[in-house]
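A.B. asks: Generate coordinates for the sequence data below:
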Amino acid sequence: MVRVSGLASGMDIDEIVKSMMQAERVPLDKLTQKKQYSEWQRDDYRSVNTALSELDKLISDGVGKQSSFIKKTVSVSNPDAISVRNINSTSDFTGKISVKNLATAATMTSKPTNVKNTETGLLTQIDSKEPLSKYGLVKHEISILAINKDGVFDLDESKVTKPYTLTIETTDTLDSVINKINANSGVTVFFDQNSQQFSITAKNTGDVEGAAEIELGGEFFTDLLEMDKTNDIAAKPENRRGTIGSNATVEYNGLKISRPSNTFQINGAEITIKQTTEETGPVTFSSKADVDTILDTVTQFVNKYNEIIKKIQDKTSESKYRSYTPLTTEQKKAMTEDEVKLWEEKAKSGTLKNDSTLKSLLTTMRSSLYTSVSGMTGNNTLSSLGITTTKNYLEGGKLTIDEDKLRAAISEDPNAIYKLFMNEGSSTDKSTQGLARRLRADIQSSMKVITEKAGKAGYVNNNFTIGKSVNGLDTRISAFEAKLTKLESRYYSQFTAMEKAISKANSQSSSLSQYFS
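C.D. replies: Next comes the predicted model:
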């Protein structure tokens, strides 16, 4: 449409229409502001949910794991001979070990290798980087059966021994075959280019009772490379091309035991033997709770809990400035960047003020932590560990730690602290459940409610309440914008008609003036 802007009337039609439309846009601006406020509220809900999720994960990975409370420091009289670390023992342990023999791995070596070159027909040495097809060593299937970490052969589901198998392909080189064997089988293979000899070593130490530790299959090994079939054949005096694996033998607290590996577990403690003790004498060791590490775990939980308490309390008590509404695009253009920032700080304030879901969560969280665990004797409250609420009631029940008292409780029985936090109790009686178990249930329940209200990253608007409201506002905004576009066109049409009428009148007046003159 051609718009005539004040040529006949002398009026600034564009400015007049703009002023008229500005008044008409007021309802649209309010819809846009309402949408912006809903999005701010959605983001604040999600921020709280993120913080709750972080607390839930911290509990799960920290005070919610028994392994967090069985961490121990172990003293060893001769750390050069053995090392000891706790794996899953919940109680302290002591012991005395004499190391008689270390476990060793079985080995095999080959005779110097000569193969026939398929091109010349002559015996030649193998180049480990050349394709094996050059020596006619393709389509050979090899198999390797080796001792596993438990000191026996691997078994498949039918309880039949299960060797590693490999078919040599046309594109394979000796290096590529060795790499495949080393990556996937129970042995490590080495080829010395100079001596043209192979060395095979079992990855696991130990002696398989009544059998060899390494068993080779396929003519690639036995015929072409002239290796023995098993390591015990190779180890015979007349061959001297291998060794038999041996078990570690130790005397533990007076009891003689044998293990296929130099690292093994006894009563939840992992023991690694490094050298015999015939000359140095028996090694003693003892454990005690790692108080510092356990204290740090509990402290992290308390700090994160306090952080959540403060965040929720701040958001639910935040002042709401009703006169500071979200800025429109035109309003932002008329302000400096700093003015916009200061304004929006006020406008965003109070989106969650007195929110019932969050205030209820604060109440239930406090109740879950401050109520004793029914049916437990001894330390059955946080206060018994030296963890109490601060004296300032305005802090909303934040926790403080008496470190000396907590250290004493950890030293006495760290597993009892784990039970206080994570006692399973009865699913129908919350009072019998551990403090952290209750707290996680409270958190997850509230997170579900908040997610239903505000969704989370990746959610489409139709999946949560605020999103549906935003969609509704978008529909109303689109309809109103279409209405304003029509209205603006109508105004211009009316002014255009006026301009034409004035122009026509001016033309008639000019004609009459000429006639009478």
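A.B. asks: And the helices in the stretch 401-517 of the chain?
C.D. replies: Ranges of helices in the stretch 401-517 of the chain, per DSSP state H, counting those that start in this stretch, are 403-412, 414-422, 435-454, 465-516.
A.B. asks: which stretch among these comes nearest residue 376?
C.D. replies: Closest approach to residue 376 among the helices of the stretch 401-517 of the chain is made by helix 414-422 (6.9 Å; CB to CB). (C-beta placed from N, C-alpha, C; glycine too.)
A.B. asks: The closest one packs against which elements?
C.D. replies: Counting contacts by 3 or more CB pairs under 8 Å, 6 or more residues apart in numbering; DSSP states H and E, helix 414-422 is packed against helix 291-316, helix 403-412, helix 435-454.
A.B. asks: would you turn these into TSV with distance to residue 26 and mean pLDDT?
C.D. replies: Output for those, formatted as TSV (distance: least, CB to CB, whole Å; pLDDT from 0 to 100):
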stretch	distance to residue 26	mean pLDDT
helix 291-316	31	95
helix 403-412	61	94
helix 435-454	29	95
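A.B. asks: Secondary structure element for the residue nearest in space to the middle of the chain, which one?
C.D. replies: Nearest to the mean C-alpha position of the chain, by CA atoms, centre = their mean, lies residue 57 at 9.7 Å. Assessed by DSSP states H and E, residue 57 sits inside helix 26-61.
A.B. asks: What residues of that helix count as buried?
C.D. replies: By 16 or more other CB atoms under 10 Å, the buried positions in helix 26-61 come out as 28-29, 31-36, 38-42, 44-46, 48-49, 51-52, 55-56, 58-59.
A.B. asks: ok, now stretch 135-149?
C.D. replies: 135, 137, 138, 140, 142, 143, 144, 145, 146, 147, 148.
A.B. asks: quick revisit: distance to residue 200 and mean neighbour count added to the helices and strands packed on helix 414-422, as JSON lines?
C.D. replies: As requested, the helices and strands packed on helix 414-422 are exported to JSON lines (distance: least, CB to CB, whole Å; neighbours: other CB atoms under 10 Å):
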{"stretch": "helix 291-316", "distance to residue 200": "43", "mean neighbour count": "18"}
{"stretch": "helix 403-412", "distance to residue 200": "50", "mean neighbour count": "16"}
{"stretch": "helix 435-454", "distance to residue 200": "52", "mean neighbour count": "19"}
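A.B. asks: can you redo those as JSON lines with distance to residue 477?
C.D. replies: As requested, these are arranged in JSON lines below (distance: least, CB to CB, whole Å):
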{"stretch": "helix 291-316", "distance to residue 477": "28"}
{"stretch": "helix 403-412", "distance to residue 477": "56"}
{"stretch": "helix 435-454", "distance to residue 477": "21"}
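A.B. asks: Out of the ones you listed, the one nearest residue 239 is which?
C.D. replies: Comparing the helices and strands packed on helix 414-422 by their distance to residue 239 (CB to CB), the top pick is helix 291-316, with 53.2 Å.
A.B. asks: what's the closest one packed up against?
C.D. replies: helix 26-61, helix 356-370, strand 399-401, helix 403-412, helix 414-422.
A.B. asks: Contacts only, for residue 145.
C.D. replies: 153, 161, 162, 163, 164, 186, 214, 215, 217 (CB atoms under 8 Å, 6 or more residues apart in numbering).
A.B. asks: picking that back up, which ones among the buried residues of stretch 135-149 map onto strands?
C.D. replies: In this view, these that belong to strands under DSSP state E are 142, 143, 144, 145, 146.
A.B. asks: for the third one, which residues make a bridge with it?
C.D. replies: On the basis of DSSP bridges, residue 144 is bridged to residue 164, residue 216.
A.B. asks: looking at it, it is touching residue 162, isn't it?
C.D. replies: No. Using CB atoms under 8 Å, residue 144 is not in contact with residue 162; the gap is 10.9 Å.
A.B. asks: re the thing from before, and the buried ones among the contacts of residue 145, selectable in ChimeraX?
C.D. replies: Burial among the contacts of residue 145 is assessed by 16+ other CB under 10 Å; the matching ChimeraX selection reads:
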select :153,163,164,186,214,215,217
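A.B. asks: for the contacts of residue 145, which one is nearest residue 300?
C.D. replies: Comparing the contacts of residue 145 against residue 300 with CB to CB places residue 186 closest, at 41.8 Å.
A.B. asks: quick one: the closest one and residue 203 touch, right?
C.D. replies: Yes. Assessed by CB under 8 Å, residue 186 is found in contact with residue 203 at 5.3 Å.
A.B. asks: what residues are shared contacts of these two?
C.D. replies: Common neighbours of residue 186 and residue 203, counting by CB under 8 Å, 6+ apart, are residue 146.
A.B. asks: quick one: contacts for residue 454?
C.D. replies: By CB under 8 Å, 6+ apart, the residues touching residue 454 are 41, 42, 45, 46, 49, 464, 465, 466.
A.B. asks: mind running it again at 7 Å?
C.D. replies: Neighbouring residues of residue 454 by CB atoms under 7 Å, 6 or more residues apart in numbering: 42, 45, 46, 464, 466.
A.B. asks: just residue 203 next, same as before
C.D. replies: So residue 203 contacts 146, 186, 187, 188 (CB under 7 Å, 6+ apart).
A.B. asks: now it: how far from residue 243?
C.D. replies: When distance is defined by CB to CB, to the nearest Å, residue 203 is 15 Å away from residue 243.
A.B. asks: For the helices and strands packed on helix 291-316, give me JSON lines that also has distance to residue 442.
C.D. replies: As requested, those are exported to JSON lines (distance: least, CB to CB, whole Å):
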{"stretch": "helix 26-61", "distance to residue 442": "9"}
{"stretch": "helix 356-370", "distance to residue 442": "5"}
{"stretch": "strand 399-401", "distance to residue 442": "16"}
{"stretch": "helix 403-412", "distance to residue 442": "23"}
{"stretch": "helix 414-422", "distance to residue 442": "14"}
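A.B. asks: Specify the stretch among the ones you listed that is closest to residue 438.
C.D. replies: So among those, helix 356-370 is nearest, using CB to CB, at 3.8 Å.
A.B. asks: buried ones in the closest one?
C.D. replies: Neighbour counts over helix 356-370 (16+ other CB under 10 Å) mark 357, 358, 361, 362, 364, 365, 366, 368, 369 as buried.
A.B. asks: Just name the closest of these to residue 71, please.
C.D. replies: Lowest distance from residue 71 to the buried residues of helix 356-370 (CB to CB) belongs to residue 369, with 23.4 Å.
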